[in-house]
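Got a predicted structure plus its sequence, pasted below:
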Amino acid sequence: MRSVLTAKLLGEVGEVGEVGEVGEVGEVGEVGEVGEVGDVGRFATKAQFASYTGTAPIEASSGQVVRHRLSRAGNRQLNHALHLMAICQISHDTAGRVYYQRKQAEGKSSKEALRCLKRRLSDVVYQRLVADQRRAHTPAA
């Protein structure tokens with residue numbers, strides 16, 4: 001399953017026009033996330049979806065330094081798919097790369113900026129899955 005999902009993601013990420021602020025996440029719904037997520041309606045918010053995918057940040061602060069790290073919990077296959085999307089976004093001239101570079105300019109390390117991008121991609125995927133579900137349940141006119 002992982003190799004099929006990876007191959008499809010690498011083949012399709014970046015072929016679709018912009019979606020949301022980050023854009024170009026590819027045909028995510030058809031690639032395998034729908035099978036992993038099931039009914040997206042069970043997630044009331046994008047934060048709950050991010051927690052399920054393991055992209056919700058966990059505070060790892062010490063003293064005056066406030067830091068966040070990625071959760072090691074959640075669905076690892078979805079997290080891996082989001083990681084691949086983030087890496088593809090960074091390696092090509094996309095809105096995701098601009099977002100990543102902006103986070104680095106704000107003083108975040110490369111890992112912190114990648115975490116932010118993965119969370120943003122998780123939000124875009126959630127919005128797209130919700131829109132697809134609404135479209136599927138809307139009767140044709």
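Looks like it came in fine. Numbering: from 1, shown residues only.

What residues does the nearest residue to Thr55 once chain neighbours are set aside make contact with?
Once flanking residues are discounted, Thr55 sits nearest to Ser122: 4.3 Å by CB to CB, 6 or more residues apart in numbering. Quick note: C-beta positions are derived from backbone N, CA and C, even for glycine. Neighbour list for Ser122: 46, 49-50, 53, 55, 82 [criterion: CB atoms under 8 Å, 6 or more residues apart in numbering].

now, among the residues you listed, which is nearest to Tyr100?
Leu82 (13.7 Å; CB to CB).

Number of residues surrounding the nearest residue to Ser110 once chain neighbours are set aside?
Leaving aside its chain neighbours, Ser110 sits nearest to Gln104 (6.7 Å; criterion: CB to CB, 6+ apart). Neighbours of Gln104 under the rule other CB atoms under 10 Å: 15.

Likewise for Ala44?
For Ala44, the neighbour count with other CB under 10 Å is 8.

I'd like the distance between it and Ala105.
As for Ala44, its distance to Ala105 is 34 Å (criterion: CB to CB, to the nearest Å).

Also Gly54?
Counting by CB to CB, the separation of Gly54 from Ala105 is 26 Å.

Among the two, which residue is more densely surrounded?
Legend: neighbour count by other CB under 10 Å for Gly54 and Ala105, higher for Gly54 (22 against 9).

Quick check on the closest residue to Ser91 other than its chain neighbours: phi, psi?
Leaving aside its chain neighbours, Ser91 sits nearest to Arg97 (7.8 Å; criterion: CB to CB, 6+ apart). When read as degrees, to the nearest 10, the backbone of Arg97 gives phi -70, psi -40.

so Arg97 touches Ile90, yeah?
Yes: Arg97 is in contact with Ile90 according to CB atoms under 8 Å; the separation is 5.4 Å.
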